[in-house]
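Q: Below are the sequence and a predicted model; questions follow.
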Amino acid sequence: QVQVAESGGGLVQAGGSLRISCTASGRTFSDYDIGWFRQAPGKGREFVATIRRSGSTYYTDAVKGRFTVSKDNAKNSVYLQMDSLKPEDTAIYYCNPLRGVIGGGRGVPGDYWGQGTQVTVSS
């Protein structure tokens, strides 16, 4: 079993940047492909990005070119650098050790979720 904890969210103006983090305990992240997901108010949870055990990455079209996912195996942590933020990026962001990937990299979520971290982008 693995526990995950997200942090680093906050309020930022449109066009700004934010880096959020996810730290694991119980097992090491290097055992998993890791996904980032988000849930906006009144909407379902949606996929954002994947970083695989190999280090390869995959992004949903809405964030491609603006967001960068990375990891530090020594710190058992995964990061999401978010640049050129837009009000529509406002959501609670979650990381997740994936059950699998489809379509070249889109993450299929596993069972372990953290509490998420709130990102709010003002216009």
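A: Okay, I see it.

Q: Low-confidence regions, the protein specifically.
A: Across the chain, nothing is flagged by pLDDT under 70.

Q: For it, which segments count as strands?
A: Using DSSP state E, the strands of the chain run over 3-7, 10-13, 18-25, 34-39, 45-51, 57-59, 67-72, 77-82, 91-97, 100-102, 106-108, 117-122.

Q: buried stuff in the first one?
A: Residues of strand 3-7 classed as buried under the neighbour-count rule (16 or more other CB atoms under 10 Å) are Val4, Glu6. In this view, the C-beta of every residue, glycine as well, is placed from N, C-alpha and C.

Q: now do the fifth one
A: Across strand 45-51, burial judged by 16+ other CB under 10 Å covers Arg45, Phe47, Val48, Ala49, Thr50, Ile51.

Q: Can you pick out the most distant pair from those residues?
A: Arg45 and Ile51 (18.1 Å; CB to CB).
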